[in-house]
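Novice: model the following, please.
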Amino acid sequence: MSEITQAELRALFDYDPETGLLIRRIARAKNAPAGRPAGHINRSGYRVIVIRGKRYLAHRLVWAHQYGRFPELSIDHINGDRSDNRIENLREVPHAWNCQNLRRPSKNNRAGILGVHENRGKFVAMIYVGGKSKYLGRFATAEQASRAYRQAKADLHPGVMA
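Specialist: Below you'll find the predicted structure:
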(Lines give C-alpha, C1' and ligand atoms only; values in the text may rest on other atoms or scores of the structure.)
Protein backbone atom coordinates (compact mmCIF):
# COMPACT_ATOMS: atom_id res chain seq x y z
CA MET A 1 0.00 0.00 0.00
CA SER A 2 1.43 3.38 -0.97
CA GLU A 3 1.63 6.47 1.23
CA ILE A 4 -1.47 8.59 1.35
CA THR A 5 -1.28 11.68 -0.88
CA GLN A 6 -1.85 15.31 0.05
CA ALA A 7 -5.03 15.31 -2.05
CA GLU A 8 -6.36 12.28 -0.15
CA LEU A 9 -5.43 13.87 3.18
CA ARG A 10 -7.20 17.08 2.28
CA ALA A 11 -10.28 15.13 1.20
CA LEU A 12 -10.35 13.33 4.55
CA PHE A 13 -9.26 16.11 6.94
CA ASP A 14 -9.27 19.84 7.49
CA TYR A 15 -6.31 21.20 9.40
CA ASP A 16 -6.83 23.68 12.24
CA PRO A 17 -3.63 25.78 12.53
CA GLU A 18 -4.75 27.19 15.90
CA THR A 19 -4.92 23.77 17.59
CA GLY A 20 -2.75 21.67 15.28
CA LEU A 21 -5.57 19.12 14.95
CA LEU A 22 -6.72 17.29 11.86
CA ILE A 23 -10.52 17.48 11.79
CA ARG A 24 -12.49 14.71 10.09
CA ARG A 25 -14.40 15.82 7.01
CA ILE A 26 -16.04 12.40 6.65
CA ALA A 27 -17.41 10.20 9.44
CA ARG A 28 -15.33 7.06 9.88
CA ALA A 29 -17.56 5.32 12.42
CA LYS A 30 -20.07 6.10 15.11
CA ASN A 31 -17.24 7.06 17.49
CA ALA A 32 -15.38 9.07 14.78
CA PRO A 33 -17.95 11.53 13.36
CA ALA A 34 -17.25 14.30 10.86
CA GLY A 35 -16.28 17.62 12.42
CA ARG A 36 -14.36 16.02 15.29
CA PRO A 37 -10.59 15.80 15.82
CA ALA A 38 -9.12 12.62 14.37
CA GLY A 39 -7.09 10.10 16.31
CA HIS A 40 -6.08 9.55 19.90
CA ILE A 41 -3.07 10.25 22.09
CA ASN A 42 -0.92 7.13 22.56
CA ARG A 43 1.10 6.18 25.67
CA SER A 44 4.11 8.07 24.34
CA GLY A 45 2.12 11.29 24.07
CA TYR A 46 1.82 11.37 20.27
CA ARG A 47 -1.49 11.72 18.43
CA VAL A 48 -2.08 8.66 16.22
CA ILE A 49 -4.57 8.48 13.34
CA VAL A 50 -5.65 5.34 11.50
CA ILE A 51 -6.29 5.67 7.76
CA ARG A 52 -7.29 2.60 5.73
CA GLY A 53 -6.08 0.34 8.53
CA LYS A 54 -2.63 1.95 8.75
CA ARG A 55 -1.47 3.91 11.81
CA TYR A 56 0.12 7.30 11.19
CA LEU A 57 1.66 9.74 13.62
CA ALA A 58 -0.44 12.87 13.28
CA HIS A 59 2.55 15.22 13.09
CA ARG A 60 3.72 13.42 9.92
CA LEU A 61 0.22 13.72 8.44
CA VAL A 62 0.09 17.41 9.33
CA TRP A 63 3.43 17.90 7.57
CA ALA A 64 2.16 16.12 4.44
CA HIS A 65 -1.17 17.99 4.59
CA GLN A 66 0.64 21.34 4.69
CA TYR A 67 3.69 20.71 2.48
CA GLY A 68 2.44 18.07 0.03
CA ARG A 69 4.99 15.42 1.02
CA PHE A 70 5.86 13.23 3.94
CA PRO A 71 9.01 14.33 5.75
CA GLU A 72 12.20 12.54 4.76
CA LEU A 73 13.77 13.25 8.17
CA SER A 74 12.39 13.26 11.71
CA ILE A 75 9.80 15.77 12.83
CA ASP A 76 10.77 17.67 15.95
CA HIS A 77 8.16 19.23 18.24
CA ILE A 78 9.99 22.46 19.04
CA ASN A 79 8.29 23.03 22.40
CA GLY A 80 8.68 19.38 23.44
CA ASP A 81 4.92 18.73 23.58
CA ARG A 82 4.41 15.62 21.45
CA SER A 83 0.70 16.31 21.00
CA ASP A 84 1.17 19.93 19.83
CA ASN A 85 0.98 19.58 16.05
CA ARG A 86 0.67 23.23 15.12
CA ILE A 87 2.78 23.63 11.98
CA GLU A 88 4.77 26.45 13.63
CA ASN A 89 5.80 23.93 16.32
CA LEU A 90 7.06 21.33 13.84
CA ARG A 91 10.40 21.22 12.05
CA GLU A 92 12.09 18.59 9.93
CA VAL A 93 15.45 17.63 11.42
CA PRO A 94 17.92 14.73 11.31
CA HIS A 95 17.13 12.00 13.83
CA ALA A 96 20.33 12.72 15.80
CA TRP A 97 19.24 16.35 16.23
CA ASN A 98 15.78 15.30 17.37
CA CYS A 99 17.33 12.99 19.99
CA GLN A 100 19.04 16.02 21.56
CA ASN A 101 15.66 17.40 22.62
CA LEU A 102 15.22 15.00 25.51
CA ARG A 103 14.03 16.99 28.51
CA ARG A 104 13.64 14.21 31.06
CA PRO A 105 15.86 11.29 32.02
CA SER A 106 14.77 7.75 31.24
CA LYS A 107 12.67 5.93 33.82
CA ASN A 108 15.68 3.77 34.66
CA ASN A 109 17.90 6.73 35.58
CA ARG A 110 18.34 6.46 39.36
CA ALA A 111 19.92 9.92 39.60
CA GLY A 112 16.76 11.34 38.03
CA ILE A 113 18.73 13.95 36.07
CA LEU A 114 19.16 14.08 32.31
CA GLY A 115 22.76 13.35 31.26
CA VAL A 116 23.79 12.20 34.74
CA HIS A 117 24.07 8.78 36.33
CA GLU A 118 25.30 7.62 39.68
CA ASN A 119 28.36 5.38 39.96
CA ARG A 120 29.96 4.33 43.26
CA GLY A 121 28.64 7.30 45.20
CA LYS A 122 29.71 9.87 42.59
CA PHE A 123 27.78 11.45 39.73
CA VAL A 124 28.97 11.00 36.16
CA ALA A 125 27.94 13.41 33.39
CA MET A 126 27.85 12.18 29.78
CA ILE A 127 26.46 13.46 26.49
CA TYR A 128 25.98 11.94 23.05
CA VAL A 129 27.71 13.63 20.13
CA GLY A 130 27.73 12.18 16.63
CA GLY A 131 26.25 8.92 17.87
CA LYS A 132 29.00 8.43 20.47
CA SER A 133 28.97 8.88 24.20
CA LYS A 134 31.28 11.63 25.50
CA TYR A 135 32.45 11.54 29.12
CA LEU A 136 32.15 14.96 30.81
CA GLY A 137 33.46 14.12 34.24
CA ARG A 138 32.84 12.60 37.65
CA PHE A 139 31.40 14.91 40.31
CA ALA A 140 30.72 14.89 44.04
CA THR A 141 27.15 16.17 43.62
CA ALA A 142 24.35 15.63 41.13
CA GLU A 143 24.03 19.41 40.74
CA GLN A 144 27.66 19.75 39.60
CA ALA A 145 27.24 16.92 37.10
CA SER A 146 24.00 18.42 35.83
CA ARG A 147 25.68 21.80 35.37
CA ALA A 148 28.46 20.18 33.32
CA TYR A 149 25.88 18.37 31.18
CA ARG A 150 23.83 21.53 30.55
CA GLN A 151 26.95 23.50 29.62
CA ALA A 152 28.11 20.76 27.22
CA LYS A 153 24.63 20.60 25.69
CA ALA A 154 24.64 24.36 25.12
CA ASP A 155 28.13 24.18 23.56
CA LEU A 156 27.69 21.03 21.48
CA HIS A 157 24.03 21.30 20.48
CA PRO A 158 23.33 25.03 19.96
CA GLY A 159 19.68 25.86 19.46
CA VAL A 160 18.49 22.85 21.44
CA MET A 161 16.84 23.51 24.77
CA ALA A 162 18.88 22.29 27.73
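Novice: next, the distance between the ends of stretch 7-25.
Specialist: With Cα to Cα, to the nearest Å as the measure, the first residue of stretch 7-25 is 13 Å from its last.
Novice: does M126 count as helix, strand or coil?
Specialist: Per DSSP: H, G, I helix; E, B strand; the rest coil, the local secondary structure of M126 is strand.
Novice: for A38, give me its contacts.
Specialist: F13, L21, L22, I23, R24, R28, A32, I49, A58 (Cβ atoms under 8 Å, 6 or more residues apart in numbering). Where C-beta positions appear, they are placed from N, C-alpha and C, glycine not excepted.
Novice: could you dump those into a markdown table with neighbour count and secondary structure added?
Specialist: Shown next, in a markdown table, are the contacts of A38 (neighbours: other Cβ atoms under 10 Å; DSSP: H, G, I helix; E, B strand; the rest coil):
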| residue | neighbour count | secondary structure |
| --- | --- | --- |
| F13 | 23 | strand |
| L21 | 21 | strand |
| L22 | 23 | strand |
| I23 | 15 | strand |
| R24 | 19 | strand |
| R28 | 15 | coil |
| A32 | 16 | strand |
| I49 | 22 | strand |
| A58 | 24 | helix |
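Novice: just name the closest of the residues you listed to I113, please.
Specialist: The closest of the contacts of A38 to I113 turns out to be A58 (Cβ to Cβ; 31.0 Å).
Novice: pLDDT value on that closest one, please?
Specialist: At A58, the predicted lDDT confidence score is 97.
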